[in-house]
Every structure is written in structure tokens, then in C-alpha cells.
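**Q** What follows is a predicted structure for the sequence shown.
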Amino acid sequence: MVAVTDQFIAVDMNWDGKVVRLIFIYTKCDYILRRELLLSLGQLMSSSFPVIFVGDYNIVKNEEERAGGLPVTRVAKNDFIQFIDSHGLYDLPFLGSKFTWFSNCNGSMIWERLDRALTNHACLDQFPNSIVNHLERSHSDHAPLLIQLVDPRRSSPSPFRFQRMWLQHPLFLHVIAESWNRECHLSGLQRMAFKLKRLKGDLKLWNKVVFGNIFQRLNDARDKILLLENQLLSDDSVTKELMELKCSYDHLLLQEEIYRKQQSRVKWLEEGDRNTALFNAMARENQQKIHVSEIMGPSCILTDTQQILGAAVEFFKSHLDREIESGRDLSPMLSLVPNLVTSEDNEMLLSVISKHEVYDAVKGIPEDSAPSPNGFSSSSYIHAWAIISDDLIAAVQEFFAGALCADALGASIISLIQTKDKLNTFLDFRPISIC
């Protein structure tokens, strides 16, 4: 037991060897007492372990969280929103009814979402896919809340993604050159596809053996800095080693920031300003948005991750594999299309693609854009241009000469874009192709 008042009970519990602080809340309706509660809750925050504030807040964040009754005062909502924003809290996604409280006063029905679970960054780091279930009401006008803390354990290996933080390593281009220049007897598109596949395997191995886990390296550097700082009190001979270690630590922080920014897809902030916390928060928020905990399948509601994945594949496969009607004579419609391409335009379009055109096309793709299906982004091509340019240009020229594209280069990822805040069926996704 950490603290007890007439508005909350705070306890620390052990969950699978991890400390989790739970604060159970019942907020008074009085405005002054609610403000006192929010101030008290802020003192129970911690950045070192997960904290979950769960219960009845007796307030909504916006008008979409209520139906019926009188509007909520702006001051009350602003206090609640300021509490959430100032402490960097996240509203856990929920399953079930949109509203958690119901009242039928004198024939006037009011529905509101008064109950919720708010978490801090540490909770999202350790349990990124956690959700809240709004259970059915029985003897109370409030719906019970069931919190599911979900570990980030993967059921399948994560796909390869080129990491821009690798560019900070002094041996990165050497690794690229060593892999790319190894013997290969193919040509054109097949040569490019083979070398990219080989490079992907080499980078995976190099990342694991040489580059290492950036977060473990940061923790090790922090521990060593603390050790040397304590040693410096009695032995000033470690001064040079400590300064070198701090320089190395700053370099690791930059690598972490680059990694976090790439994960967050934030494009309006520059690297180097220590925006790591913001990038991490944005990445976690993005991950929460794309996580599907529940959806209607062919015959029932699906909650198991593997069942959802399997049903999604079958649903979109049946839609996208439909045969296109053929055999129709389209010649009458061709007469309606005006001839706008001149002979000079046609000659220009049929000319051989130059090295400068290929480079300008690659350079024109933002370095922080999404990678292609093989995991490589434009950043990887730009920074290794001196090494890979001859093979890339030959592949592009062969493609425009009419050669068949290799399967590895012509692959496409079907990405599902969510069209509604609350997903019900797979029809609430819009599939797009990412080449």
C-alpha cells in the first residue's frame, strides 16, 4: 500500500517480476475536490516503472464521450486534459461499449465515458499492446473495467528495416562495400535483387555482432560513467577515460534519437535537439493506433492475434484475387482520348535513362520516408551511392528496356489504412499497395 485517501487507493504490485503501480480512483463531483485529487495524483507519478490510473474520473475529455444531458463546463475538461498532457499520460484503448456510465433521470437518458485507464511512458514501454475491456453493467450504473497488460513478445520475427542510426557507425560503408563487391555472375535486375538480398543478410549479422543493441550499450555506458565519476573522487587518473566515455555516450544518444525518430515517423523536428522522449512517445502512440485487439470475423468476434491475422489474409485475398473481366473491345473508347504526346516527347520518353536521372529520382525521395518491401529506404541508396550506383543504374536501364522485373524487386506490401476510429469489420480498412 502506497497511499490512501477518500478519492484514491495507490498500491504497488509485482507482475511477472515487474513493479506496477496501480491507483484506483473515485473522483468527487465537486470541482475543488477534483482539482485537489489531480494535484495529489501527480505526486504518485514515476518514470522508472509503470503507473496506471484507473477508475471513475467523473469527467469526460470531449463532447464525443457523452450523449444526452447538459454540456460539461470547459474549466473542468481543461483541468483534466492538462493533467493528462502535463504528466505525459496515455488513454489505453478499449474494447466494448463507447460509454461506461448510464443514467435515466426523470426519463432523460445520459451516456458518458467517465471511467478509463491512464498510463505513463514506462507502462507503454513494457506493455505496449495493453487494452481495457468495458464489461457489461449489472448491479451498477458504471461498467466494470478489465485491464489486460500485454507483453511485447512477438509471435513471429520482425521484418528487416534499414536503420538510419547505422550511418553513424564508422565501419558502415565498409560493410556495404565488402558485401556488395563480392562475386556475382548475374546482370541487370537479377544482379541487383541478388545483391540486395545478400546485403540484407550481412547487415542483420553485422547489427547483431558489431553494432549491438543500442539500449543495452546506453545502459552499459551509464553504469560505467557512474563508476568512473565515483572513482574520480580519489583517483584523477581516470579523467581522460571519463571524458572519452562521455563523448561516446553522447554519440550513442544521437543514435538512439535517430532510431526513435525513424520509428515515430515525425518529420517536423530536426535530429540533435534531444527529442528522444517525444519520438518514443509518438512511436508508442502509433503502435497503439495500429494494434487491432478485436474485430468481427466471418462468423464471430475475433480477439486472438493469430486468428485476426489469418482472417485478414483470407478476407483481402478473396477481394484482391478476383479476376478482371477481359475480352472487352476498348477501341471505341480510344477515339475519345486526345493525342497529346508529340514525336519529340515520345523520343525523349524512349531514350536511355541517364545516371543523373536515376540519382535525381533517388535523391528526390525523402530519407525518412517509408522503406520499400525489401526493407531498404532511399537513405540507404543515397549514402551508399558510390558503391551501388553502377548496379542500380544498370538495373533501371534494363527495366526500361523491357526486361521482366525480378520477383524480389517487384514485390509489394499491402498496407491497411484505418478508415474509422472504432474498427468493427475488415471493411473498415482501405488496402493500399506500397511498392
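**A** All right, it came through fine. Just so you know, these numbers come straight off a predicted model, no measurement behind them.

**Q** Low-confidence ranges, the stretch 201-350 of the chain, go.
**A** 264-291, 322-327 (pLDDT under 70).

**Q** all strands of it, in order?
**A** 295-296, 301-302 (DSSP state E, counting those that start in this stretch).

**Q** now for those strands, which one comes closest to S97?
**A** strand 301-302 (13.8 Å; C-beta to C-beta). All C-beta spots, glycine's among them, are computed from the backbone N, C-alpha and C.

**Q** Counting residues, name the longest helix you see in this structure.
**A** Ranked by number of residues, the top helix in the chain under DSSP state H is helix 239-264.

**Q** and that one, what other elements does it pack with?
**A** Judged by 3 or more C-beta pairs under 8 Å, 6 or more residues apart in numbering; DSSP states H and E, helix 239-264 is in contact with helix 214-232, helix 276-290.

**Q** and the angle for that helix with helix 214-232?
**A** Helix 239-264 and helix 214-232 are oriented at 160 degrees to each other (axes from the mean of the first three to the mean of the last three C-alpha atoms, to 10 degrees).

**Q** Just checking the distance from helix 239-264 to the centre of its chain.
**A** 22 Å (C-alpha atoms, centre = their mean, to the nearest Å).

**Q** mind listing what's buried in that helix?
**A** Residues 242, 245, 249, 252-264 are the ones in helix 239-264 that count as buried (16 or more other C-beta atoms under 10 Å).

**Q** Between all of the residues you listed, which two are at the greatest distance?
**A** L242 and S264 (32.3 Å).

**Q** Can you tell me the SS state at A370?
**A** coil (DSSP: H, G, I helix; E, B strand; the rest coil).

**Q** Please look at it and S377 and confirm they touch.
**A** Yes - using C-beta atoms under 8 Å, A370 is in contact with S377, at 7.4 Å.

**Q** quick one on the thing from earlier: would you point to the one among the strands of the stretch 201-350 of the chain that's packed deepest?
**A** Compared across the strands of the stretch 201-350 of the chain, strand 295-296 shows the largest average neighbour count, a mean of 17 (mean count of other C-beta atoms under 10 Å).

**Q** Quick check: which ranges of the stretch 51-200 of the chain have low pLDDT?
**A** Looking at the stretch 51-200 of the chain by pLDDT under 70, you get 151-157.

**Q** one more time with 90
**A** Residues of the stretch 51-200 of the chain meeting the criterion pLDDT under 90: 59, 61-80, 82-98, 102-110, 120-141, 143, 147-161.

**Q** mind listing the helices for it?
**A** 74-86, 121-126, 172-180, 188-206 (DSSP state H, counting those that start in this stretch).
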